[in-house]
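Participant: Using only what follows, build the 3D model:
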Amino acid sequence: MLFQIVSFLLEVAAGVLAGACLLRLYMQHQRIPMSARSGNPLGRFVFALTDWIVLPLRRLVAAAGRWDLASLLAAYLIVLAQFSLLWAWMGFGYSYVSVLMLGVFGVVKIMISGLTGLVIVYAVLSWVQSNNLLADVIERLVAPVLAPIRRFVPLVGGIDLSPLVLLVLLQVALIVLGHMQGIALL
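Facilitator: Numbers count the residues shown, from 1 in each chain. Purely as a prediction, here's the structure:
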């Protein structure tokens, strides 16, 4: 029971921190202003959570075009720390290569889960016609992912079903990821 509690708490902490690093990566790629002067509360929150790890890593890892690889590496290192602590708690029962692979799968899972959360928030905000800065930021984050789906899924009675289709696809991706993780760790 204690292991489950510690595992859960580590997963939450790592998920929030690594998710913020991945959100920082994606927001920078989409060129969404994140400074305090921009008035973007989400950007300020992301910077506050991630500056401590991303800024030192930028000295070691250069960006690749518009992709901030330091943010990606930070997310991986956070998830790797989570799995390393659990691995040590279990008495080093598995090869550390398995822990390295779990880190990769963990980052991909956080990406999918984070996008799922963004799509849900986007859908809810679209129902209430919220005209605030946060709604605009979330729309800018979700729109590039919804665009290809909108080409194939027409409006039904004036309702955009593309977020629902994307949510189904993301859940399928999580199932496939879990299956691939199980195969990779055998």
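
Participant: What pLDDT is listed against residue 61?
Facilitator: Reported pLDDT at residue 61 in the predicted model: 96.

Participant: Would you mind measuring from it to residue 54?
Facilitator: 10 Å (Cβ to Cβ, to the nearest Å). The C-beta positions use only the backbone N, C-alpha and C, and glycine is treated the same way.

Participant: these two touch, right, residue 82 and residue 8?
Facilitator: No. Counting by Cβ atoms under 8 Å, residue 82 does not reach residue 8; the two are 11.0 Å apart.

Participant: Comparing these two, which residue is more hemmed in?
Facilitator: Applying other Cβ atoms under 10 Å to residue 82 and residue 8 shows that residue 82 carries more neighbours, namely 24 against 10.

Participant: and the helix or strand hosting residue 7, what other elements does it pack with?
Facilitator: Mapping residue 7 onto the secondary structure by DSSP states H and E places it in helix 2-29. Contacts defined by 3 or more Cβ pairs under 8 Å, 6 or more residues apart in numbering; DSSP states H and E place helix 2-29 against helix 41-58, helix 69-89, helix 96-128, helix 133-152.

Participant: Would you tell me which of those helices gets closest to residue 35?
Facilitator: Checking those against residue 35 by Cβ to Cβ gives helix 41-58 as the closest, at 6.8 Å.

Participant: angle of the closest one against helix 69-89?
Facilitator: Here helix 41-58 points in a direction 80 degrees away from that of helix 69-89 (axes from the mean of the first three to the mean of the last three Cα atoms, to 10 degrees).

Participant: between helix 41-58 and helix 133-152, how many degrees?
Facilitator: Using the same axes, to 10 degrees, helix 41-58 lies at 80 degrees relative to helix 133-152.

Participant: Need the residues that contact helix 41-58.
Facilitator: Outside helix 41-58, the residues within contact range by Cβ atoms under 8 Å, 6 or more residues apart in numbering are 16-17, 20-21, 23-24, 27, 32-36, 68, 70-71, 73-74, 77-78, 133-134, 137-138.
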